[in-house]
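> Structure for the following, please:
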Amino acid sequence: MLPSIQHGLPQSSLHTVGLSAFMHPSSPGIITSPTKTSFCPAPMTHSKSRFPTQIVHKPFSPRLRQRTGLRSATAQVEILAAKMVTSMTLLAIGDAVSQIKDIVNDKQEEKAAMENKDPVHFENKEPVHFDWQRTTRQGLFGACIAAPICHVWFPFLETMVPLSGQGIQFMGCVAERVVVDQIVTGPFNLMSFVAWMSFWEDFDVKKAGKKIKQELPVLFPKSIKLWVPVHMLTFSVVPDDLRVLWIGVVSIIWGVILSASARDD
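Predicted structure coming up:
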């Protein structure tokens, strides 16, 4: 017979002191001796319950934190750091893919010119080399600018433009959210990218301002064509746990587009 039954308590009262107390004889709920182990009931509390209880405080589980939105400052920093690393990696990959494509195309053009005995085309042309500094600048833009903006903006956007209804009404809410996103953050992100890439290339503020005026009318239509259909799927079809992966894959394509723009400059 269990010790709790010997003292007139139901077996379920063992759970009031926690499983750790029952398994560790040195804890306050258990008295041990070389020949006998007995159970000390929990201290009496004023409650409407028939049997004495003891409150066991437990930390919030990760699932409960996710449901209630309770996250510590440390968890927020870890989430932001993960987004920064992800954005930096994906934009750097996009730039690397674009540069490798340019190098391959340059080699093919040179080979075709040599076969046609037309080397004049390459006499005054510099060979294409991989620019590690440009890749680094684009990756750091993702870590220092793009990721923090998205970390703050998307939760605010979900609160400002909530999704509701079904069918046409739901898709209308999705379209409204996408329009607000492109109007508010689209131009700002593009201007930030052009200014970032230009300034860290030669540290010229005036030149960066001129680049913004030149590149914004070119890049903004490209941004609309890519991100409007992408975010229509993001907010309507893609599950929440796959959105980071989905946007990450598209960011590689966007990185190639931005890299081509930086190369043309």
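
> low-confidence ranges in the stretch 101-250 of the chain?
Per-residue confidence for the stretch 101-250 of the chain (pLDDT under 70) gives these ranges: 117-125, 241.

> can you pull out the helices in it?
132-141, 147-160, 168-184, 186-202, 205-236, 243-264 (DSSP state H, counting those that start in this stretch).

> which helices and strands does whichever strand or helix holds residue 86 pack with?
Taking DSSP states H and E as the criterion, residue 86 maps to helix 73-115. Applying 3 or more CB pairs under 8 Å, 6 or more residues apart in numbering; DSSP states H and E, we find helix 73-115 packed against helix 132-141, helix 147-160, helix 243-264. Yep, even glycine has a C-beta here, placed from its N, CA and C like the rest.

> For the longest one, list every residue counted as buried.
So the one you mean is helix 243-264. Neighbour counts over helix 243-264 (16 or more other CB atoms under 10 Å) mark 247, 250-252, 254-262 as buried.

> Mind picking the two most distant members of those?
Greatest spatial distance among the buried residues of helix 243-264 (CB to CB): 247 and 262, at 21.0 Å.

> Could you measure from residue 248 over to residue 137?
According to CB to CB, to the nearest Å, residue 248 and residue 137 sit 20 Å apart.

> residues near residue 174, how many?
The burial count assigned to residue 174 is 19, neighbours taken as other CB atoms under 10 Å.

> same check, this time on residue 93
18.

> Likewise for the one 3 residues further on?
By the other CB under 10 Å criterion, the neighbourhood of residue 96 contains 21 residues.

> Give me the pLDDT for it.
If you check residue 96, the pLDDT there is 90.

> check contacts around it.
Residues near residue 96 by CB atoms under 8 Å, 6 or more residues apart in numbering: 130, 135.

> repeat that with 10 Å
130, 131, 132, 134, 135, 138, 139, 252, 255, 256, 259 (CB atoms under 10 Å, 6 or more residues apart in numbering).

> Now tabulate those residues in JSON lines and tack on distance to residue 197.
Formatted as JSON lines, the contacts of residue 96 follow (distance: CB to CB, whole Å):
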{"residue": "130", "distance to residue 197": "17"}
{"residue": "131", "distance to residue 197": "11"}
{"residue": "132", "distance to residue 197": "14"}
{"residue": "134", "distance to residue 197": "8"}
{"residue": "135", "distance to residue 197": "11"}
{"residue": "138", "distance to residue 197": "7"}
{"residue": "139", "distance to residue 197": "11"}
{"residue": "252", "distance to residue 197": "17"}
{"residue": "255", "distance to residue 197": "12"}
{"residue": "256", "distance to residue 197": "14"}
{"residue": "259", "distance to residue 197": "9"}
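
> any idea which of the residues you listed is closest to residue 104?
residue 130 (11.4 Å).

> That closest one against residue 100, yeah?
Yes - counting by CB atoms under 10 Å, residue 130 sits close enough to residue 100 to count as a contact (7.5 Å).

> quick one: which of the helices of the stretch 101-250 of the chain is nearest residue 81?
Per CB to CB, nearest to residue 81 of these: helix 147-160, 9.0 Å.

> Which strands and helices lie in contact with the closest one?
Judged by 3 or more CB pairs under 10 Å, 6 or more residues apart in numbering; DSSP states H and E, the packing partners of helix 147-160 are helix 73-115, helix 168-184, helix 186-202, helix 205-236, helix 243-264.

> May I see those helices organised as JSON lines, with distance to residue 158 added?
What follows is the helices and strands packed on helix 147-160, written out as JSON lines (distance: least, CB to CB, whole Å):
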{"stretch": "helix 73-115", "distance to residue 158": "15"}
{"stretch": "helix 168-184", "distance to residue 158": "8"}
{"stretch": "helix 186-202", "distance to residue 158": "17"}
{"stretch": "helix 205-236", "distance to residue 158": "9"}
{"stretch": "helix 243-264", "distance to residue 158": "11"}
